[in-house]
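Student: Quick one: sequence and predicted model below, then my questions.
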Amino acid sequence: MRKKRKGIESMAAMTDLINEHLGYKIKEAMIYRNYLVLVFLLLNGISFGQELETETVEVVKNFEARLADANKIRLEPAPEVKEVTDKRFDYLIEEKSLQVDYLAPSIKALGVSTEKIDPGYRGFVKAGFGYPLSPYLDAGYLFGEEGNSNLLARLSHHSANDKNIENQRFSDNDLLLKGTLLTDKGFSLDGFGTVSLDNHYFYGYNQEDTTFEADDVRNKLNLYELGLKIYNSAETDTKLNYWAAFKGYRFGNNFATRETGLNIDLGLTKWFGDNPLSIALGTDLTRLKDTAIQKLNTFYINPSFSFGTSSLRFKIGAELASADEEYFIFPDAELLLNVAGSGMSIFVGTDGGLRKNNFRILSDYNPFLVPQVSSIKNSSFYDFYAGVKGLAAGIEYSAQAGYKPTNDLALFEVNQEKEWTRFDVLYDTANIIYLQASVKGQLFQNLDLSGSIVQNFYDLNNEDKAWYLPNLQANIGLSYLTLDQQLRLKAEVYVNDAVAYQELGLPNEPNLLFDVSLGADYFLTPNFGLFLHLNNLSTNKYRRWYGYPGFGLNVLGGLTARF
């Protein structure tokens, strides 16, 4: 029969509690022993004094409480373990210095040219002399540093005089001051001033029975120009870029022809991520005075928006222009598709505009103009094009084909009012189909390649041919750096096909350009060097303008210094 002993069970529980305390309080067990025995007997007496259930209990032996000898077991309380959310470990490592002899490693970047870093020369002088009788000087100095406020001063002179053909000579003299001012207000100023004093000579006459003094046939062209541009040099909080540019010039000759011009260009660009929304507007004013006064003023406004992804980009815009009380709307749109990252992109688009034909621009293209041109006009054109461009094996390439209908295309015709040949401008409407391509990059280490080709096909309304406009123009050049980058060798080839011209009884000259040129620049020290250029080794006397053969072979050599 199961017996219930509540008093004994209470005693056993108390003993377990005592033993548990003894495990933590071993050193104090002997001090509290008598006290614990007394507590035990008291509790036991209380238990036995309780009323038991109606059962018979036989006491076999009186209970004798006795404490067992405690085993000295050292227990260390374990701290509460929390979940580690930020695992940080501190290591204490004894520092030891070891003396090791070794060769410093040579580290080279992959795919980067091994050219030495330019130590940052501020000034240079290049001076020489050549055949036929051609002194040469080009010198400049930069005050300040690029990327900060600075001022560049540059002076150049080049002239030549071929004694084999009377008055076949020219002289170019240029002075340039150009600077940048960075402010702490978030905007910058770019400014420039230039003076150009050039002399060309009308040597296009029949020299078998005619002679002229140099002053009689000199065409002196002088240019004075100033410009200023204000723009934000730091990114604004609103991601808005702005600019305002102003240019003014005065251009004239020694025949009382004067032309003044003013150009104003204003613009804003707002960026939405990588997508720019731009608007540009401006005006280009020209006043030409010779025996009469001609004005050619244009105004334009050009909004555009570019958007898309890195693989597909769109540009949508238009140019609204006005000139001589006429109004024009030209498209400005392009689609660019990257089919192989930077390796290949396909593009298609259309644009257009007004191309100014004032006296300054026409004289830059043809220095043998009559002092008073018959008229100055704008050429209006549209351009519909498609092509491909990209980067392959370190070579940038581009190829493009297009159709360009043009009104008032500037052509040239011979003026025979004087004994020497001069040219006037005439205009015609033309449909032009063109093909063009270019390459640029590094073929091998230290060997650079550049080249371009343009082929035009003209269909004119009135004239038989596009007088004095080349159909084919091409060039290719190689540049090689050797001898620890102290020697640079160059080779260039220029090709122009025969320009169309009217036969007027002057002696026929070769009318196809095939120019092969070689050059070398060698630095004896980091600051001092020599140069030698051999131009037109084929001795081709290309007649770009009727009655004006080229110089043929010419040589130029001299000294170079940089500091």
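Tutor: Received the coordinates, thanks.
Student: Any stretches of the stretch 151-300 of the chain with poor pLDDT?
Tutor: Applying pLDDT under 70 to the stretch 151-300 of the chain flags no residue at all.
Student: go on, the chain?
Tutor: Filtered on pLDDT under 70, the chain yields the residue ranges 1-119, 504-510.
Student: longest strand of it?
Tutor: Using DSSP state E to define each element, the chain has its longest strand at strand 422-444.
Student: If you count contacts, what does that one end up packed against?
Tutor: Packing contacts for strand 422-444, counted by 3 or more CB pairs under 8 Å, 6 or more residues apart in numbering; DSSP states H and E, involve strand 377-392, strand 395-415, strand 447-460. All C-beta atoms are positioned from the backbone trio N, CA, C, and that covers glycine.
Student: now with 10 Å?
Tutor: Here strand 422-444 touches helix 359-365, strand 377-392, strand 395-415, strand 447-460, strand 472-482, going by 3 or more CB pairs under 10 Å, 6 or more residues apart in numbering; DSSP states H and E.
Student: For the last one, buried residues please.
Tutor: Taking 16 or more other CB atoms under 10 Å as the neighbour-count basis, strand 472-482 is seen to contain the buried residues 473-475, 477, 479, 481.
Student: try the shortest one
Tutor: With burial defined by 16+ other CB under 10 Å, the residues of helix 359-365 counted as buried are 359-363.
Student: swap in the fourth one?
Tutor: Buried residues in strand 447-460, counted by 16+ other CB under 10 Å: 448-451, 453-456, 458, 460.
Student: quick revisit: now the helices and strands packed on strand 422-444 in a markdown table, with distance to A245?
Tutor: Shown next, in a markdown table, are the helices and strands packed on strand 422-444 (distance: least, CB to CB, whole Å):
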| stretch | distance to A245 |
| --- | --- |
| helix 359-365 | 18 |
| strand 377-392 | 20 |
| strand 395-415 | 26 |
| strand 447-460 | 28 |
| strand 472-482 | 30 |
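Student: Among the ones you listed, which comes closest to P303?
Tutor: Smallest distance to P303 across the helices and strands packed on strand 422-444 (CB to CB): 18.1 Å, for strand 377-392.
Student: before we move on, back to that, out of the helices and strands packed on strand 422-444, nearest to T429?
Tutor: Closest to T429 of the helices and strands packed on strand 422-444, according to CB to CB: strand 395-415, at 5.2 Å.
Student: Pull up the pairing partners for the closest one, direction included.
Tutor: In the sheet, strand 395-415 lines up against strand 377-392 (antiparallel), strand 422-444 (antiparallel) (DSSP bridges).
Student: what angle sits between the last one and strand 447-460?
Tutor: Our comparison of strand 422-444 with strand 447-460, counting by axes from the mean of the first three to the mean of the last three CA atoms, to 10 degrees, yields an angle of 140 degrees.
Student: If you count neighbours, what's buried in strand 422-444?
Tutor: 422-430, 432, 434, 436-439.
Student: and of the residues you listed, the nearest to I395?
Tutor: Using CB to CB, V439 comes nearest to I395 of the buried residues of strand 422-444, at 5.7 Å.
Student: so A256 makes contact with A292?
Tutor: No - at 12.0 Å, A256 does not count as touching A292 under the criterion of CB atoms under 10 Å.
Student: joint contacts of the two?
Tutor: Taking CB atoms under 10 Å, 6 or more residues apart in numbering as the contact criterion, the common neighbours of A256 and A292 are Q372.
Student: Mind checking which of these two has more residues around it?
Tutor: Between A256 and A292, A256 has the larger neighbour count (other CB atoms under 10 Å), namely 11 against 7.
Student: R355 and I376 touch, don't they?
Tutor: No - R355 is beyond contact range of I376, at 11.8 Å (criterion: CB under 10 Å).
Student: on that earlier part again, quick one: the buried residues of strand 447-460 as JSON lines, columns for distance to P303 too.
Tutor: Below are the buried residues of strand 447-460 laid out as JSON lines (distance: CB to CB, whole Å):
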{"residue": "D448", "distance to P303": "39"}
{"residue": "L449", "distance to P303": "39"}
{"residue": "S450", "distance to P303": "35"}
{"residue": "G451", "distance to P303": "36"}
{"residue": "I453", "distance to P303": "34"}
{"residue": "V454", "distance to P303": "30"}
{"residue": "Q455", "distance to P303": "34"}
{"residue": "N456", "distance to P303": "31"}
{"residue": "Y458", "distance to P303": "33"}
{"residue": "L460", "distance to P303": "34"}
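Student: still on that earlier bit, check the buried residues of strand 422-444 against K229 and report the nearest one.
Tutor: Among the buried residues of strand 422-444, and counting by CB to CB, the member closest to K229 is S438, at 28.2 Å.
Student: Run through the bridge partners of the closest one.
Tutor: S398, S452.
Student: Now do it against A234, distance only.
Tutor: In this view, S438 and A234 are 34 Å apart by CB to CB, to the nearest Å.
Student: follow-up on the earlier one: considering the buried residues of strand 447-460, which is situated nearest to I230?
Tutor: S450 (34.5 Å).
Student: Excluding chain neighbours, what is closest to K289?
Tutor: R258 (5.0 Å; CB to CB, 6 or more residues apart in numbering).
Student: Relative to the whole chain's centre, how far out is stretch 136-148?
Tutor: Averaging C-alpha positions (CA atoms, centre = their mean, to the nearest Å) puts stretch 136-148 20 Å from its chain's average.
Student: Which residues outside it are in contact with it?
Tutor: Here stretch 136-148 has contacts from 120-130, 149-160, 173-174, 176, 178-182, 531, 533, 556-558, 560-561, 563, using CB under 10 Å, 6+ apart.
Student: what's the spacing between stretch 122-130 and its chain's center?
Tutor: Worked out by CA atoms, centre = their mean, stretch 122-130 lies 28 Å from the chain centre.
Student: buried ones in it?
Tutor: Neighbour-count burial for stretch 122-130, with 16+ other CB under 10 Å as criterion, is recorded at 124-126, 128, 130.
Student: can you put the residues you listed in TSV and add secondary structure and distance to D324?
Tutor: As requested, the buried residues of stretch 122-130 are exported to TSV (DSSP: H, G, I helix; E, B strand; the rest coil; distance: CB to CB, whole Å):
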residue	secondary structure	distance to D324
F124	strand	46
V125	strand	48
K126	strand	45
G128	strand	48
G130	strand	46
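Student: Helices of this structure, residue ranges please.
Tutor: Per DSSP state H, the chain carries helices over the ranges 6-24, 33-48, 359-365.
Student: how about V195, what does it touch?
Tutor: 155, 173-177, 222-225.
Student: what would those residues look like in JSON lines with distance to Y201 and neighbour count?
Tutor: Listed next are the contacts of V195 as JSON lines, based on distance: CB to CB, whole Å; neighbours: other CB atoms under 10 Å:
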{"residue": "L155", "distance to Y201": "23", "neighbour count": "15"}
{"residue": "N173", "distance to Y201": "15", "neighbour count": "16"}
{"residue": "D174", "distance to Y201": "19", "neighbour count": "16"}
{"residue": "L175", "distance to Y201": "22", "neighbour count": "14"}
{"residue": "L176", "distance to Y201": "25", "neighbour count": "16"}
{"residue": "L177", "distance to Y201": "29", "neighbour count": "14"}
{"residue": "N222", "distance to Y201": "16", "neighbour count": "16"}
{"residue": "L223", "distance to Y201": "18", "neighbour count": "18"}
{"residue": "Y224", "distance to Y201": "22", "neighbour count": "15"}
{"residue": "E225", "distance to Y201": "24", "neighbour count": "17"}
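Student: Understood, closing this out.
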